[in-house]
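[1] the sequence and its predicted three-dimensional model are supplied below.
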Amino acid sequence: MKLKKKMFKSSLLQLMLLSCASSSAFVSFHRQLTGISAITERRQSTPSLRQTSNRESELNEKQTKPIIAIIGSGAVGCYYGARLYETHQYDIRFLMRGDHYKVSKTQGLNVTSVNGDVYMSPSDIGIYDNAEDMTTTEGVDWVIVALKSTSLEAAPSLIKPLLGKHTRVLAIMNGMMDQDLVDMLEGRYGEAVVNEISSSRTTLTCCAAVYAGMALVCSNKIAPGCVNHSYAGKLTGALSASQQDKNQDQERQAFFGLWSATSIEHVWEENLTRGRWSKMCWNLPFNGISVAMGGITVDKIVTDPGLRRLAYQVMDETISAGNADLESRGADCPRLGQVERDAMMHLSDTMGAYRPSTMLDFLARRPMEVNYLFRKALDRAKELNVAVPHLETLVTQIEAFQRIYNLY
């Protein structure tokens, strides 16, 4: 009888070995049959030396990667952060708030894209709601600022905790805000400057360099933890200020080094003023008309004969103002012209029913980027005695909406 019981236990054990899907299930069954102690089970579940070594190796590898902090983790910040993440060369840390933070912290960040989707699990990236928690004693390597210009005054309190002498700041933002950002970081905001885009005061003390980033990208945050990229993505970099003063070589190489392993098309613009006016050849006509028309998509502008003509007129005025600005500074660079005109209209013809960021803010009754994106461009044109009647009408309409709905 004892022999039969023993044979039964042995046969049942063999069956369980074949059918158990996990080692934990086998351990539980085996303990019931043979009375294995809890101590033995704990030993079974203790990570092996090899597992511990692998985890420590992964942690050490992450700690040695350059740290990139994303400030403003919305549609633009998450998209470019995702492209940096997929290279596996960087420790990516996102600053978020609200439901976007809660969902990304627990479920990860999902970026769908025409150029390939990217999912970032919470264990692979840093999700923070406090900038001071993102940094190290020496600061991070790069800070990518993708805030709306409506939040510019809050930017220094978010950026400064991350800065070290080696830190580089890339502001992927709209409008003529570069000098103000530099002055805020240097603690001299409000002092008289030579002009609104760049000045002779370029030497930095707070960090290694500050760059302007001009992004031609169609990207929207569609839900907490979810961003959709639908078109384009070219990123133009230009130097705002650096410790090296006027020497751009080192900073140009650093910019290229950051993006070289990514799928992002990236180019360098030697003249910041030209770079900003070039981007405004799209922003002023298409963001502007979209809002002035009450919130229409880009395809409606390019397919309507009257609005298409208006877009060209605003673009031509922007080119004239930009070139006058370059002349006033004695800039030694190519002037804006037919190349920009054709490129911006082609981009708009092929992007479909895209909803520009300012239009989305208007429809959602959120603060709109009026001052840095529209008003400063108009004021600069007037200072230079450049006639921009169509642009002035658009800005008048947009500012009226801003006052009526209190979108500040």
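    Arrived safely, thanks for sending.
[2] other SSEs contacting whatever helix or strand Met214 lives in?
    In the assignment (DSSP states H and E), Met214 maps to strand 209-223. Counting contacts by 3 or more Cβ pairs under 8 Å, 6 or more residues apart in numbering; DSSP states H and E, strand 209-223 is packed against helix 75-85, strand 168-172, helix 178-186, strand 226-242, helix 249-259, helix 272-282. Any C-beta I mention is one placed from the backbone N, CA and C, and that applies to glycine too.
[3] neighbours of Ala311, just the number please.
    24 (other Cβ atoms under 10 Å).
[4] do the same with Pro161
    Residues near Pro161, counting by other Cβ under 10 Å, number 17.
[5] thought it was touching Tyr128?
    No - contact between Pro161 and Tyr128 fails when scored by Cβ atoms under 8 Å: they sit 11.0 Å apart.
[6] between the two, which contacts overlap?
    Met134 (Cβ atoms under 8 Å, 6 or more residues apart in numbering).
[7] name the element the nearest residue to Gly337 once chain neighbours are set aside belongs to?
    Nearest residue to Gly337 in three dimensions, chain neighbours excluded: Ile319, at 6.5 Å (Cβ to Cβ, 6 or more residues apart in numbering). Per DSSP H and E: Ile319 is located in helix 305-328.
[8] tell me how far the very next helix or strand once past that helix lies from the chain's centre.
    Later in the chain than helix 305-328, the nearest helix or strand by DSSP H and E is helix 338-350. Remark: helix 338-350 is offset 24 Å from the chain centroid, using Cα atoms, centre = their mean, to the nearest Å.
[9] now stretch 275-287
    For stretch 275-287, the distance to the chain centre is 19 Å (Cα atoms, centre = their mean).
[10] which residues does that stretch contact?
    For stretch 275-287, contacts defined as Cβ under 8 Å, 6+ apart pick out 174-176, 178, 197, 212, 214, 216, 236, 238, 269, 298, 301, 310-312, 314-315, 318-319, 321-322, 325-326, 336, 340-341, 344, 347-348, 356-359, 373-374, 377, 391, 394.
[11] buried subset of these as a PyMOL selection?
    Here is the PyMOL command that selects the buried residues among the contacts of stretch 275-287 (16 or more other Cβ atoms under 10 Å):
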select buried, resi 174+175+176+178+197+212+214+216+236+238+269+298+301+310+311+314+315+318+319+321+322+325+326+336+340+341+344+347+348+356+357+358+359+373+374+377+391+394
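[12] what is the burial count for Glu327?
    11.
[13] distance of it from Leu384?
    Glu327 is 8 Å from Leu384, where distance means Cβ to Cβ, to the nearest Å.
[14] where along the stretch 51-200 of the chain do the strands fall?
    Taking DSSP state E, counting those that start in this stretch to define them, one finds strands in the stretch 51-200 of the chain at 67-71, 91-95, 109-113, 118-120, 126-128, 142-145, 168-172.
[15] give the other helices and strands that the fifth one contacts.
    If I follow you right, that is strand 126-128. strand 91-95, helix 98-107.
[16] give me the distance between the closest residue to Ala261 other than its chain neighbours and Tyr372.
    In space, and not counting its chain neighbours, Ala261 is closest to Thr87: 4.2 Å by Cβ to Cβ, 6+ apart. Counting by Cβ to Cβ, the gap between Thr87 and Tyr372 amounts to 31 Å.
[17] what does Ala212 give?
    Distance from Ala212 to Tyr372, by Cβ to Cβ: 12 Å.
[18] Arg188 now?
    From Arg188 to Tyr372 the distance is 18 Å (Cβ to Cβ).
[19] compare neighbour counts for these two and give me the winner.
    Between Arg188 and Tyr372, Tyr372 has the larger neighbour count (other Cβ under 10 Å), namely 21 against 11.
[20] how about the contacts made by that one?
    Tyr372 neighbours (Cβ under 8 Å, 6+ apart): 149, 152, 173-177, 180.
[21] what residues does the residue nearest to Gly337 make contact with?
    With contact taken as Cβ under 8 Å, 6+ apart, Ile319 is in contact with 277, 281, 336-337, 340-341.
[22] ditto for Thr205
    Here Thr205 is in contact with 186, 243 (Cβ under 8 Å, 6+ apart).
[23] let's see it at 10 Å
    By Cβ atoms under 10 Å, 6 or more residues apart in numbering, Thr205 lies in contact with 165, 185-187, 241, 243.
[24] ok, Lys105 touching Gly98?
    No - Lys105 is beyond contact range of Gly98, at 11.3 Å (criterion: Cβ atoms under 10 Å).
[25] report the set of residues contacting both of the two.
    Common neighbours of Lys105 and Gly98 (Cβ under 10 Å, 6+ apart) are Asp129.
[26] the more surrounded of these two?
    Lys105 (17 against 9).
[27] how far does stretch 374-394 stretch from start to finish?
    End-to-end distance for stretch 374-394: 9 Å, by Cα to Cα, to the nearest Å.
[28] quick one on the thing from earlier: just the helices and strands packed on strand 126-128: most buried one?
    Neighbour counts (mean count of other Cβ atoms under 10 Å) averaged over each of the helices and strands packed on strand 126-128 peak at strand 91-95, with a mean of 24.
[29] what residue ranges in this protein score low on pLDDT?
    1-62, 191-202, 245-246 (pLDDT under 70).
[30] residue closest to the middle of this protein?
    Gly77 (1.7 Å; Cα atoms, centre = their mean).
[31] ok, now which ones touch it?
    When contacts are counted by Cβ under 10 Å, 6+ apart, Gly77 is found next to 70-71, 94-96, 144-147, 172, 219, 221, 227.
[32] redo that, cut-off 8 Å
    Gly77 neighbours (Cβ under 8 Å, 6+ apart): 70-71, 94, 144, 146, 172.
[33] how far away is it from Ile172?
    For Gly77, the distance to Ile172 - Cβ to Cβ - is 7 Å.
[34] count of residues packed around Arg335?
    Applying other Cβ under 10 Å, I find that Arg335 has 15 neighbouring residues.
[35] for Leu181, same thing?
    25.
[36] Ile70 contacts Phe94, correct?
    Yes - counting by Cβ under 8 Å, Ile70 does reach Phe94; the two are 4.8 Å apart.
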